[in-house]
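Visitor: no letters, just coordinates:
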């Protein structure tokens, strides 16, 4: 096997992060654990400098499904529902975590992984009385599960719509670094802080061993959130593990550099495949690319590379998904292109 | 601050574990993530060698509350309840995690943190029809939240009682290393495998950065457990982080050595305090000790050491809790004893 | 207002039922309440005579949403899901009751309110690992929310498919009397007992004041079901209220006569509208009819009659829903047809 | 069997209620169902006249467990808990309904079935951080499960304590008529409206076939409550059944007369037993009495009368529970006293 393009979490963490874990390993956290350690505190300060929102509340948890279920179940009343694109991670790949926490996900069919406010408007018009759930939150992923990215104006528009309609806007940022560093229409962390009620900054898929930073912008949602984290099993005793990693990601610009590298490798891979004349299921915007290849070629490539077959395209072709990461070396790109 | 005796998770991890994380960091896990990585697979094999139960199912999760809530909510039907000592972690310090997953905890008052089968029998006699919950599981902690340890014969007796009464026996092993390495009445991992339906082996409090290994002994409970882990947000993408740590804990005998060190330090601390004439709230059996000290002395000690005041004893005295760990140096013990 | 065709529950109950409530009113139920009263016991015996299944378990609850949520939440594990047509009552009109009990509903788009096994097969093929919920139950309504009826062979086919695929088949029978008495392809209660794991017989929409009889055919699902009813608030203290009503519905053939009357009135209404040249959104099979009428006519009709506007059809026309019941008098049908 | 003193729900309903059900049976509810029917509307108006609180929100549901679970699960966030006397109905006899809806019940041992604010204060002092649930609601029953009654000043004191501590006060009124009509320390419906955030008025145990009227006094708790009722399966299609019954209970003073009769019969029975020299487990305050009788006498009485053996008292004696109701005839009292 030459390389795996299956996902962006098949390596450990960026070496600088590991170095920091080693450097601080035997320091005792007298000041507290469970998120009260000095590393987590410093990491929060650093992240806030990117948010332009000093009153944001930041909490670190271990993974994306956990972040989604804690956020959504904390902020909704039992009869309130969350709206998601049908491709949304919560809608398909979390084993019913949101429903297990008591909430219906209203699915909206989407061709590009994004939600548009007109679609949401239609959903609101249908849900008018107590015989149906009450839509209360919009869940978007940025970058989306199809690698597309919300532009600043798209996000702004959605947020304004939400504000007018008493909806909360929540952005799943498992791949937020890839949206922030998108070549086209990049968006900043401060934009996220301004135009969402809550979002999270993904570490696991951007160079950390594990960890997502939940950012609560809306002050009405902030009180008692630690109760929710603890109850769902998300409050790590040795929270330093999360703090140290985010500290390193945001001490200089590692978070941004890692996202940029993943995007650039994807961009190069995408261009290379396009130059060979293969079409794409959806245009490349971040670190996931979806070329349409002949089945025979796919079989051959699978001998040397690992990747997902996304879906069938026609009798002769399938759509595949190739994911790059902070750790993807140029050699892997070259090898792949050579094999096509 | 000279040293914290507040808990057993105020340092990072044992240096050997960190070394293994560094050594394997850039290896790609082609073979799979989410628990399918090679490290987790090898760790399972090593652990099984201690269990004398080749058909046990082993799953790694990030923390103890998460382990408890996944195990309990997976194995109970909606109307089934779990019985716990009133001091049990699930009963007091998990923010209602079990109830949030839908299940009542039937509390049994206990003076030493343990459950006795006669107490359970009384509970069963009261719960006879569908107007009350149906007791279905016994939750015990070993070592308990009061540092006491179930002997092999106590565990055997409880398990036999459970078997006769269609009850599942679940042992929370957040501090299992401290029970296994207890000076008096030690118990083996194989005993746990034989006399429980399910238990977990705590890593977080015994030298890992994070991680608990859930061991399902009862084959009827094994199918589809990964669905439950995923749904509760417990399936880590980079599961190698857990696998590598347990691999190192069980490659040689690190797991046992670390437990032994914690216990020995506690034992030395306990003896030293006793020699100075102070009584104890409960006899020392593992790495948590509960001396009864004058309030004035406690105030003085708190200037140099960190620890919990467990409860008030009388007008002049409080019970304090001192916890030792794999990382507690002898100097900290000496300093503490010198200050008394 | 001349008459309401809005639903089949705008009157009280059939006068014979009320007479029985009066006759037995002051009898004390020494033998027990909460379903143990003599009336409920006798009603179960009578119903079983129609089931050809002496070992079926029968439980009476107050309403349809309650029946659905108790049945579904009792028989699924936390990570298991139920498949429903997108028009299914649980999918749209129960305010997320199933999700609030922890379970995802997998929606299948359906043009006629029914599920076909090929659609279910596709769903099974997609749901293959623990990152997605595990489909475990099929929910069908008979008659459906669009008034269509599953034939005996359709039900048989679905059940065989379920048996082969470890799926439970659950039929919501809120309007079961209308399916059983359908002019075309009628189905018997014994067919339901034979070809489902669990179903319920609707009383509320067929002449009772309230009440649905849940019938559990699959013996593996029978144990402890009363715990589930009690826990969800469905075990009525004065269960005689439900028992007496079902006793009267099944003492002679009242249940069947009331369903037949509703169907016949719908049939007459449907034929009358068709004769006037108006098309239908879906062919009439039971007591709900869906004519497509000019908006101007609809406005006029709404001055004298109550009914739902089901959906928009085109600029000039809407689909309306007219529901008949055991209590619909022929005069109401005549008046409505005269006004068209 | 001469008479059952087992409970207050072994007969049907008061004949006047049945007469009203008969009188209105064939009236169509054009104006709406699911609580929108004219009878429910009128009943709300009548009840409000007793509340001295024109802005209270009133909702009718079928039973007590249902009322409790809808109220508690609607008003608590996931990590919030309810405090109850250990004898409280929710704590013992609802099959974990509250926990199944996600919430911990904090039990407070109580000798007389009541909660005192000092006990609650202790609970608050213990529950201080996010590792424990957050107490948010007090659940009291009035009359309690031991037949005792909160006086107006006791209720006032509890409510003031709750107000100061951001706690909601919820009174389970399954036997509210018996508290309101208590000989000693009666309390009015207006007192309940003034000194609780939410309570319910029990119909099932006071002469109705079924039905409890939930009264939400606190305006912050009122919005969207119908969603919660619907989601938990509590919104009856033919809500007229509940409306008509409460209309009759409050049209004149039937509700109060029925409660008074039950109390008077209990009082007479209690005095008669006391006159024969038997002691009581707890003083009689409403319609439940708890004499301590010799086991031999109990065996003899059970040949003619139905009642619960409450608990063992000593080797020769048990505590029994005798319940009277609106329907208890004086002859039953006389017979029972004659047999002693």
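Guide: Sure, I can see it. Please read these numbers as outputs of a predicted model, since none were measured by experiment. Numbers count the residues shown, from 1 in each chain, chains lettered A, B, ... in the order given.
Visitor: what's around the one residue in the stretch 201-340 of chain A that gets nearest to chain C, how many residues?
Guide: Here the stretch 201-340 of chain A gets closest to chain C at one residue, residue A:311, 10.2 Å apart by Cβ to the nearest Cβ. Heads up, the C-betas are built off the backbone N, CA and C, glycines and all. As a burial measure, residue A:311 scores 12 neighbours (other Cβ atoms under 10 Å in any protein chain shown).
Visitor: now do the SS call for it.
Guide: Following DSSP: H, G, I helix; E, B strand; the rest coil, residue A:311 is assigned to strand.
Visitor: that one touches residue A:320, doesn't it?
Guide: No - using Cβ atoms under 8 Å, residue A:311 is not in contact with residue A:320, being 9.3 Å away.
Visitor: write out the residues of the stretch 51-200 of chain A neighbouring chain C.
Guide: Proximity of the stretch 51-200 of chain A to chain C, by Cβ under 8 Å from any Cβ of the partner chain, involves residues A:78-79, A:81, A:92-96, A:99-105, A:107, A:130-133.
Visitor: so which of these would count as near chain D as well?
Guide: A:78-79, A:101-102, A:130-131, A:133.
Visitor: and the furthest pair within those residues?
Guide: A:101 and A:131 (22.0 Å; Cβ to Cβ).
Visitor: looking at those two, which is more packed in?
Guide: Legend: neighbour count by other Cβ under 10 Å for residue A:101 and residue A:131, higher for residue A:101 (26 against 18).
Visitor: any idea how far residue B:41 is from the residue lying closest to the more buried one once chain neighbours are set aside?
Guide: Spatial nearest neighbour of residue A:101, chain neighbours left out: residue A:73 (3.7 Å); criterion: Cβ to Cβ, 6 or more residues apart in numbering or on different chains. Between residue A:73 and residue B:41 the distance is 33 Å, computed by Cβ to Cβ, to the nearest Å.
Visitor: between these two, which one's more packed in?
Guide: Higher neighbour count among residue A:73 and residue B:41: residue A:73, with 23 against 15, using other Cβ under 10 Å.
Visitor: can you tell me the helix or strand for that one?
Guide: helix A:64-75 (DSSP states H and E).
Visitor: what about whatever helix or strand comes next after that helix, near chain B?
Guide: Following helix A:64-75 in sequence order, the next helix or strand is strand A:80-85 (DSSP H and E). No - using Cβ under 8 Å from any Cβ, strand A:80-85 never reaches chain B; the gap is at least 15.8 Å.
Visitor: who are the packing partners of strand A:80-85?
Guide: helix A:89-92, strand A:105-108, strand A:134-141 (3 or more Cβ pairs under 8 Å, 6 or more residues apart in numbering or on different chains; DSSP states H and E).
Visitor: out of the ones you listed, flag the one nearest chain B.
Guide: That would be helix A:89-92 among these, by Cβ to the nearest Cβ, at 11.3 Å.
Visitor: outside of the helix or strand following the closest one, which residues touch it?
Guide: Using DSSP H and E, the helix or strand that directly follows helix A:89-92 along the chain is helix A:97-100. Here helix A:97-100 makes contact (Cβ atoms under 8 Å, 6 or more residues apart in numbering or on different chains) with A:65, A:68-69, A:72-73, A:82, A:90, A:105, B:230-233, C:78-79, C:99, C:102-105, C:133.
Visitor: flag every residue of the stretch 1-150 of chain A that's near chain B.
Guide: Counting by Cβ under 8 Å from any Cβ, the stretch 1-150 of chain A sits next to chain B at A:1, A:3-4, A:6-7, A:9-13, A:15, A:18, A:21-22, A:24-30, A:33, A:62-70, A:94-97, A:100.
Visitor: my read: residue A:109 touches residue A:86, true?
Guide: Yes - Residue A:109 lies in contact with residue A:86 (Cβ under 8 Å); the separation is 5.1 Å.
Visitor: those two: who's more crowded?
Guide: Using other Cβ under 10 Å, the more surrounded residue of residue A:109 and residue A:86 is residue A:86, with 15 against 9.
Visitor: now that one. Nearest residue, chain neighbours left out?
Guide: Closest residue to residue A:86 apart from its sequence neighbours, by Cβ to Cβ, 6+ apart: residue A:107 at 4.4 Å.
Visitor: any idea of the pLDDT on the one you found?
Guide: Residue A:107 is assigned 97 on the pLDDT scale.
Visitor: for residue A:257, same thing?
Guide: In the predicted model, residue A:257 carries a pLDDT score of 98.
Visitor: burial of residue A:181, as a residue count?
Guide: 24.
Visitor: where exactly do the helices run in chain A?
Guide: Taking DSSP state H to define them, one finds helices in chain A at A:15-23, A:38-51, A:64-75, A:89-92, A:97-100, A:117-126, A:152-164, A:176-180, A:189-195, A:225-231, A:240-251, A:254-275, A:295-301, A:330-339.
Visitor: deepest of these, which one?
Guide: Ranked by mean neighbour count under mean count of other Cβ atoms under 10 Å in any protein chain shown, these are led by helix A:176-180, which reaches a mean of 29.
Visitor: now it, how far from the centre of its chain.
Guide: 8 Å (Cα atoms, centre = their mean, to the nearest Å).
Visitor: same check, this time on stretch A:62-76
Guide: Chain-centre distance of stretch A:62-76: 13 Å, with Cα atoms, centre = their mean.
Visitor: now swap in stretch A:320-337 and tell me
Guide: With Cα atoms, centre = their mean, you get 20 Å for stretch A:320-337.
Visitor: what about stretch A:319-338, near chain C?
Guide: No - using Cβ under 8 Å from any Cβ, stretch A:319-338 stays clear of chain C, with a minimum separation of 14.6 Å.
Visitor: tell me if that stretch is near chain B.
Guide: Yes - applying Cβ under 8 Å from any Cβ, one finds stretch A:319-338 in contact with chain B at residue A:327.
Visitor: quick revisit: who's in contact with the residue nearest to residue A:86?
Guide: A:84-86, A:88, A:91, C:107.
Visitor: cool, residue A:198 as well?
Guide: So residue A:198 contacts A:71, A:75, A:168-171, A:214-218, A:221 (Cβ under 8 Å, 6+ apart).
Visitor: repeat for residue A:222
Guide: Under the criterion of Cβ under 8 Å, 6+ apart, the neighbours of residue A:222 are A:57, A:216.
Visitor: quick check: chain neighbours aside, which residue is closest to residue A:106?
Guide: With sequence-adjacent residues excluded and distances taken as Cβ to Cβ, 6+ apart, residue A:106 is closest to residue A:83, at 4.7 Å.
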